[in-house]
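Chemist: Structure for the following, please:
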Amino acid sequence: MELIVIVMMALHILCAVALVGGALVWRFGAIPGIQLLEPATRAKVDSAIAAAWRPAVFLAIGGVLISGIFNLVRAGQRTPTFHMIFGIKMLAVLHLLAISVLITRPENPRRSRQLTGVAISGVIIVILSAALRWV
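Modeler: Residues are numbered from 1 along each chain as shown. Prediction:
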């Protein structure tokens, strides 16, 4: 296997793990801890986390898109079942990417719910990705 193929696969997996793992930690780790703070402090800390996470989100999205397109072009011909599962996966990916950008906006009152949506979409994407390995 060529080195570029290994690098692109690793980049794809690492960026996906960063996006989904970051959302999971933020939703189920940081938000419950932030709820213990005073309301004014809570809003400042939540916005600070969002601002710190924003560059990582954009880097991970760029890495996933570049490596994903490379992996798709390299794959060649696939079965109709592959395309069906891949299409469903892409819908979940689009949701995850869009919401990942939205959650990093400051003063976002829906952040907790959006992070839950990213976590659910991430789990669905992982399951569909595993299914694609055998079709």
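Chemist: from here on, contacts and neighbour counts on C-alpha atoms
Modeler: Will do.
Chemist: residue ranges for the helices of this protein, please.
Modeler: Applying DSSP state H to the chain gives helices spanning 3-25, 31-34, 39-75, 80-102, 111-132.
Chemist: low pLDDT regions in the chain?
Modeler: Within the chain, no range satisfies pLDDT under 70.
Chemist: Nearest the middle, which residue of it would you pick?
Modeler: Centroid-nearest residue in the chain, with CA atoms, centre = their mean: Leu19, separated by 3.5 Å.
Chemist: And that residue, how far from Trp53?
Modeler: Computed with CA to CA, to the nearest Å, the distance linking Leu19 and Trp53 is 10 Å.
Chemist: do the same with Phe86
Modeler: Going from Phe86 to Trp53 by CA to CA gives 28 Å.
Chemist: what residues are up against Leu11?
Modeler: With contact set as CA atoms under 8 Å, 6 or more residues apart in numbering, Leu11 has these partners: 63-64, 67.
Chemist: so which of those residues would you say is closest to Arg110?
Modeler: The closest of these to Arg110 turns out to be Val64 (CA to CA; 25.2 Å).
Chemist: No more questions from me, cheers.
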